[in-house]
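Participant: Coordinates for the following, if possible.
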Amino acid sequence: MSLFLLEVAPKQPSKEAASQIIEQISGALGDQGSGAEFIESQVTADHAQVFVIVEADSPEAVSSAVEPAVAEQASVTGPDPVRLVGAELEDIKKLKKNADYLVEWDIPAEISMDQYLARKKANAPKYAEVPEVSFLRTYVREDTVKCLCFYDAPDEDAVTRARQAVSTPIDRLHKLDA
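Facilitator: Residues are numbered from 1 along each chain as shown. Reported below is the predicted structural model:
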């Protein structure tokens, strides 16, 4: 089984639309007998983007279940294979709390997965320089196009300081819906 990222953009962003899309995706994965499992979702505070992580045998299993379920309400990018870094999948499955912030980093083309993982391991202890921020987890696309890093933090400035501490840029910073 592999992890896949779906990036979903509701056609009419609202808290209700995002919730409905999440329910439809979760239901579709269960109803289709696809063998796919809904792992987690995070919604931006403006409800314009929903990030969904699914565990499945193939991207086709995810697409065939999800796309018909939400096609009229949203556009879907993915599924893209991702790797979970900084947390254990079993812990994420038990998690019921959303993160406060999501940072998207468009990884430079010259950085391979091995280089990314080595960089992440070397820099992770530097988060201690910003104790008000808790790094939660990262999903890095297997093609290393980008990664999604989740944090608990009091505000955007704290997240920015944490990213500076680990010498990693921010391409997009999202406050997440509580």
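Participant: Show me how far the strand ranked longest in the chain is from its chain's centre.
Facilitator: The residue-count maximum for a strand in the chain (DSSP state E) belongs to strand 74-85. Mean-position distance between strand 74-85 and its chain equals 8 Å (CA atoms, centre = their mean, to the nearest Å).
Participant: what lines up beside that strand in the sheet?
Facilitator: The pairing partners recorded for strand 74-85 under DSSP bridges are strand 2-10 (antiparallel), strand 134-141 (antiparallel).
Participant: List the buried residues of it.
Facilitator: Using 16 or more other CB atoms under 10 Å as the test for burial, strand 74-85 gives Ala74, Val76, Gly78, Pro79, Asp80, Pro81, Val82, Arg83, Leu84, Val85. No exception for glycine: its C-beta is placed from N, CA and C like everyone else's.
Participant: got the CA coordinates for it in PDB?
Facilitator: Extracted C-alpha coordinates of strand 74-85, given in PDB (Å, rounded to 0.1, in the frame of the first residue of the first chain):
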ATOM      1  CA  ALA A  74     -14.600  20.400  -7.100                       C
ATOM      2  CA  SER A  75     -11.500  20.000  -9.200                       C
ATOM      3  CA  VAL A  76      -9.100  17.400  -8.100                       C
ATOM      4  CA  THR A  77      -5.300  17.300  -8.600                       C
ATOM      5  CA  GLY A  78      -3.700  14.000  -8.100                       C
ATOM      6  CA  PRO A  79      -3.600  11.400  -6.800                       C
ATOM      7  CA  ASP A  80       0.200  11.900  -6.400                       C
ATOM      8  CA  PRO A  81       2.300   9.300  -4.500                       C
ATOM      9  CA  VAL A  82       3.700  10.800  -1.300                       C
ATOM     10  CA  ARG A  83       6.000   9.700   1.500                       C
ATOM     11  CA  LEU A  84       5.300  10.500   5.200                       C
ATOM     12  CA  VAL A  85       8.200  12.000   7.000                       C
END
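Participant: can you map out the helices along the chain?
Facilitator: 15-31, 59-70, 89-94, 113-123, 156-165 (DSSP state H).
Participant: For the second one, the averaged confidence score.
Facilitator: Average pLDDT, helix 59-70: 90.
Participant: Please renumber the chain so that the first residue is 415 from this point on.
Facilitator: Right, with 415 as the first residue, what we last looked at is helix 473-484.
Participant: Val464: how many residues sit nearby?
Facilitator: 25 (other CB atoms under 10 Å).
Participant: Which one of the strands paired with strand 488-499 lies nearest to Ala432?
Facilitator: strand 416-424 (6.0 Å; CB to CB).
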